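**Q** Task: produce atomic coordinates for the following.
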Amino acid sequence: MAAPRPVRGLQASTRLLDAAPVFLAARQSDVARHCAAVAQRLTPERVHDLRVAIRRLRRAVRLFGKGKPVRRADEELKGFQSALGTLRDLQVQLGRLSRLGRKLPPEEAAVVQHVRDTLNKTRAQSLDSARSALNRWAKRGPRALAQLQGLRPKGKLGGHRLRKGLVRQLEELEECAQAALADPGPVPMHQLRIAVKRFRYALEFLEPAMPDETAEIRGEMVPLQTALGELHDLDVQIALVDQHAAPGSLPAAAELLRRLRAERERLGADLVAVLMHWEEEASALRAQLLLGSSPVRIHRRLRA
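**A** Okay, the predicted model is just below:
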């Protein structure tokens, strides 16, 4: 995943009135750079990097408040992200299914190939939709973002309002984590995955004000996000095999699903262990955001 353009020269005392345009310019520059790469070639890596840049830009837009220009810019970005998401999901699954097929007995490999052939029929349409979204953004995106320049967000970069908002997001993330622990099925785990992404991207705005502390928080979140991503991809794979397996291959498809669900159970158990560790750290993370003290060191003191 490509790193975002660094934002320098900001401090905890920097007004959002001054900080928001700086973040907007940096994240808009990232999107433009990745748009240029994707326009040349729609590879899975380039599409992924552009989608991540769009998510970061959406978070930067929200620094400006909740007015009509913010909603309009976010709607443009959301549509852009959605069109790319359809293509990205297809690319990921085609790659995963290809790798899976090479590891299976011939009968199960044939099931996987049939699913890949079915998905490939939608590839041209997904590519066209992504190209249309690129053109739409080029025409309408910069104009929508320009409308933000007249807004005057209140508060400071390291101020109580921004930290309190992050704490609310962290509490929502914890609720999703508790729901996933109670029911580790595909839907709760997917909702948790989305909550983790949103919190990580929102946390980046505190980096200039709290660089060491935010780095520690990100370090605590990386294993959780990685495990959730692997589980989500497997859940999608199971659903695709279940939906698209050829009627004449049902015995092989049933065996393949048994194999995939056993792997899903193993990954789910590993993720539950990661979630339990996350639950232990959550209160320390809240204290970190509100008080500016290291979450890892706080938790170590609490356990001592």
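
**Q** for Arg152, helix, strand, or coil?
**A** What DSSP: H, G, I helix; E, B strand; the rest coil gives for Arg152 is coil.

**Q** What pLDDT does the model give Gln91?
**A** For Gln91, the pLDDT comes out at 94.

**Q** give the contact list for Gly158.
**A** By CB atoms under 8 Å, 6 or more residues apart in numbering, Gly158 lies in contact with 11-14, 206, 209-210, 292. No exception for glycine: its C-beta is placed from N, CA and C like everyone else's.

**Q** which pair in these spans the largest distance?
**A** Thr14 and Gly292 (15.4 Å; CB to CB).

**Q** Reformat the contacts of Gly158 into a markdown table and put pLDDT and neighbour count next to each item.
**A** Formatted as a markdown table, the contacts of Gly158 follow (pLDDT from 0 to 100; neighbours: other CB atoms under 10 Å):
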| residue | pLDDT | neighbour count |
| --- | --- | --- |
| Gln11 | 87 | 11 |
| Ala12 | 84 | 15 |
| Ser13 | 89 | 10 |
| Thr14 | 92 | 18 |
| Leu206 | 81 | 21 |
| Ala209 | 74 | 21 |
| Met210 | 75 | 21 |
| Gly292 | 55 | 15 |
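
**Q** Out of these, which is nearest to Leu87?
**A** Leu206 (32.2 Å).

**Q** That closest one - nearest residue in space that isn't next to it in sequence?
**A** Excluding the flanking residues, the one nearest Leu206 by CB to CB, 6 or more residues apart in numbering is Thr214, at 5.2 Å.

**Q** check contacts around that neighbour.
**A** Thr214 makes contact with 203-204, 206-207, according to CB under 8 Å, 6+ apart.

**Q** Tell me the one of the contacts of Gly158 nearest Arg96?
**A** When the contacts of Gly158 are compared for distance to Arg96 (CB to CB), Leu206 wins out at 34.6 Å.

**Q** Write a ChimeraX command that selects only the buried members of the contacts of Thr214.
**A** Filtering these down to the buried ones (16 or more other CB atoms under 10 Å) takes a single ChimeraX command:
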select :203,204,206,207
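
**Q** In helices, which of the contacts of Thr214 fall?
**A** Leu203 (DSSP state H).

**Q** what residue ranges in the stretch 151-300 of the chain score low on pLDDT?
**A** Scanning the stretch 151-300 of the chain for pLDDT under 70 picks out 282-284, 286-300.

**Q** Would you agree Val241 falls within a helix?
**A** Yes. Counting by three-state DSSP, Val241 is located in a helix.
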